[in-house]
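Colleague: Provided below are the primary sequence and the corresponding predicted coordinates.
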Amino acid sequence: MLYVDVNYQRQGAGQLLMDWGVSKADELGYSSLIESTRSGKPLYERNGYTGERKHLAVPEKWLWRTPVQYWLMYRPARTAGKVNGVNGTNGVNSD
Ligand SMILES: CC(C)(COP(=O)(O)OP(=O)(O)OC[C@H]1O[C@@H](n2cnc3c(N)ncnc32)[C@H](O)[C@@H]1OP(=O)(O)O)[C@@H](O)C(=O)NCCC(=O)NCCS
């Protein structure tokens, strides 16, 4: 979960955090998966994550609330600038 104080958003702090995270994933050769809100999606897309919108199942007592939507976003492992996909796919199901 990334959060930048609303008074300091769009000044590069989120990207700095992403730089640290994706370089750590690349260093370790890891793929990564993120549950993104609508507002996080542009930042994650810019950093190589793609994915589908999902609806979060909520307990019946909270059904009166606005339904929560999020995007399950995936970034394949990269080593030395190469993307390590599975048969050229990004591994995310569209269902
Ligand atoms: C998502 C969040 C962490 C981004 O942090 P930030 O410090 O504002 O992001 P940055 O300034 O580093 O933005 C880097 C780039 O990401 C993209 N981006 C970030 N916020 C964006 C927005 N609201 N709309 C469109 N693009 C956005 C832009 O490409 C931006 O580059 P630019 O400003 O040069 O156009 C911040 O908006 C936030 O805390 N939101 C509320 C909590 C939240 O929803 N977090 C995600 C949970 S999964």
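Modeller: Happy to help now that I have it.

Colleague: show me where this structure has its helices.
Modeller: For the chain, the helices defined by DSSP state H cover 13-28, 41-46.

Colleague: which stretch among these comes nearest the ligand?
Modeller: helix 13-28 (2.4 Å; C-beta to the nearest ligand atom). Where C-beta positions appear, they are placed from N, C-alpha and C, glycine not excepted.

Colleague: how about that closest one, does it reach the ligand?
Modeller: Yes: contact of helix 13-28 with the ligand (C-beta under 6 Å from any ligand atom) involves Ala13, Gly14, Gln15.

Colleague: dump the residue contacts of Ala25.
Modeller: Applying C-beta atoms under 8 Å, 6 or more residues apart in numbering to Ala25 gives the contacts Ser31, Ser32, Arg75, Ala77, Arg78.

Colleague: how about the residues of the chain near the ligand?
Modeller: Checking the chain against the ligand by C-beta under 6 Å from any ligand atom, the hits are 1-4, 9-15, 36-37, 39-40, 42-43, 46.
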